[in-house]
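Quick one: sequence plus predicted model below, questions after.
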Amino acid sequence: MSLIIAYIGKKGCVMTGDKRKIGYFGDKQNLEVLEKELYEGNISGDDEFINRATELGISIKITDDANKLKIVGNAVRGEVSTKGTFETKRRRIYGTTNGYQIVELLGSEQKSRKAGEKGIIIFGNNYAKQLAQGLIQKKWKASQSLKYMGEVFEEILAEVSSRTPTVGDKFDTLIQQPKYNPSEAQKHLNITIDNDIKVLIKFRQDLTEKLVQQSIAIDMANKIIDKGDVGKVVSIDGNMLLVQLNDKTQAMDGNWKQLAGPGQNVLMFCESDSVKIGDKVVIENEDLCLKKDKSSLSCDIILCSL
């Protein structure tokens with residue numbers, strides 16, 4: 001759900017894009033019906049779109065705060081994306097003076113990449129693109145400044161937005177105009193795009209690692225022991241006890257890294273003078289204590305089941 005218009009030429013690059021994102025949830029067949037009507041231009045406004053989605057039992061969420069344009073090096077980058085079940089498809093255009101490249105990505109893997117020197121490039125669904133192309137033919141004056149071109153692009157997006165809910169009514173416009181000849185432009189774009197994709201790869205790796213850690217944390221949190229035997233006292237030194245964990249208990253730190261497994265010893269503290277070797281250690285009512293007299297124990301570990 002996007003419309004991005006870019007001009008690339010000897011003056012530089014100007015790019016305008018809307019900020020709309022639409023999320024769907026509902027029956028797959030009804031969703032296909034809704035999208036077909038939407039992309040064929042049979043739904044003309046947000047209210048009509050919401051009402052039609054309701055009729056089909058589809059929940060939708062419309063937002064107009066997505067940042068689809070970005071300055072990267074001496075280029076402007078525009079991106080439209082589609083989230084699939086397992087991967088996100090991205091289509092990007094990078095533009096600068098006297099050059100552009102269009103890159104298609106699946107996740108962070110390049111599927112295609114092509115270069116050009118100048119022109120007007122439009123990203124969007126077919127209906128929105130057709131509307132934009134017709135309006136460009138009416139309004140376009142190549143001799144004008146990049147600032148003026150950006151204003152024309154915003155006018156075009158506003159008009160398209162009034163005729164299809166796939167395009168929002170809020171826009172960003174970015175301009176870059178370094179002094180590059182066509183050869184210099186492509187060299188700069190090659191370096192810029194390669195680095196930008198490396199950033200995407202790192203971001204995806206960090207996100208994956210974060211999601212894995214969250215999954216581990218949720219899994220381990222469900223294993224925290226709040227009741228039952230955990231081990232027995234095997235050594236006493238003042239108020240310091242070594243407790244040997246039983247065969248169903250492990251000790252974790254705050255980052256869910258295992259510090260001790262079944263049969264291994266952990267350090268605990270007890271203020272009672274009655275503790276003896278062999279005393280059972282239990283958790284009752286979420287409190288760590290000696291089984292025989294409920295004397296409280298403390299430790300700086302998390303006790304979990306296997």
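It's in.

Let me see the contact set for Lys114.
Residues in contact with Lys114 (C-beta atoms under 8 Å, 6 or more residues apart in numbering) are 101-102. Every C-beta, even on glycine, is put in place using the N, C-alpha and C of the backbone.

I'd like the average pLDDT over the helix or strand hosting it.
Following DSSP states H and E, one finds Lys114 within strand 109-116. Per-residue pLDDT over strand 109-116 has a mean of 91.

go on, stretch 283-292?
Stretch 283-292 comes out at a mean pLDDT of 89.

Using PDB, list the CA coordinates for stretch 150-167.
Extracted C-alpha coordinates of stretch 150-167, given in PDB (Å, rounded to 0.1, in the frame of the first residue of the first chain):
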ATOM      1  CA  GLY A 150       8.300  17.800  -5.400                       C
ATOM      2  CA  GLU A 151       5.300  20.100  -5.100                       C
ATOM      3  CA  VAL A 152       3.800  18.700  -8.300                       C
ATOM      4  CA  PHE A 153       4.400  15.100  -7.000                       C
ATOM      5  CA  GLU A 154       2.600  16.000  -3.800                       C
ATOM      6  CA  GLU A 155      -0.300  17.400  -5.700                       C
ATOM      7  CA  ILE A 156      -0.500  14.200  -7.800                       C
ATOM      8  CA  LEU A 157      -0.300  12.000  -4.700                       C
ATOM      9  CA  ALA A 158      -3.100  14.000  -3.000                       C
ATOM     10  CA  GLU A 159      -5.300  13.500  -6.100                       C
ATOM     11  CA  VAL A 160      -4.600   9.800  -6.300                       C
ATOM     12  CA  SER A 161      -5.300   9.600  -2.500                       C
ATOM     13  CA  SER A 162      -8.800  11.000  -3.000                       C
ATOM     14  CA  ARG A 163      -9.600   8.200  -5.500                       C
ATOM     15  CA  THR A 164      -8.100   5.100  -3.800                       C
ATOM     16  CA  PRO A 165      -7.600   4.200  -0.100                       C
ATOM     17  CA  THR A 166      -4.400   2.400  -1.100                       C
ATOM     18  CA  VAL A 167      -2.600   5.800  -0.900                       C
END
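
List the buried residues of that stretch.
Buried residues in stretch 150-167, counted by 16 or more other C-beta atoms under 10 Å: 150, 152-154, 156-158, 160-161, 164-167.

which residues touch it?
Stretch 150-167 has contacts (C-beta under 8 Å, 6+ apart) with 1-3, 5, 7, 14-18, 20, 22, 38-39, 41, 43-46, 48-49, 62, 124-125, 127-128, 131-132, 135-136, 139-141, 144, 168-169, 171, 173, 175.

Pull out the buried members of those.
Listed as buried from those are 1-3, 5, 7, 14-18, 20, 22, 38, 41, 43, 46, 49, 124-125, 127-128, 131-132, 135-136, 168, 171, 173, 175; burial here means 16+ other C-beta under 10 Å.

now the stretch 101-250 of the chain, which segments are flagged as low pLDDT?
The model of the stretch 101-250 of the chain has pLDDT under 70 over residues 208.

in it, which spans are helices?
Secondary structure of the stretch 101-250 of the chain (DSSP state H, counting those that start in this stretch): helices at 126-139, 146-161, 182-221.

now these as CSV including distance to Trp256?
Output for those, formatted as CSV (distance: least, C-beta to C-beta, whole Å):
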stretch, distance to Trp256
helix 126-139, 47
helix 146-161, 48
helix 182-221, 5
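
Which residues are in contact with Glu104?
Neighbouring residues of Glu104 by C-beta under 8 Å, 6+ apart: 89-92, 110-113.

Top of the residues you listed by number of neighbours, please.
Highest neighbour count within the contacts of Glu104: Arg92, with 24 neighbours (other C-beta atoms under 10 Å).

What is the one helix or strand it maps to packed up against?
Using DSSP H and E, Arg92 sits within strand 88-96. Applying 3 or more C-beta pairs under 8 Å, 6 or more residues apart in numbering; DSSP states H and E, one finds that strand 88-96 contacts strand 3-9, strand 12-18, strand 75-83, strand 99-106, strand 119-124, helix 182-221.
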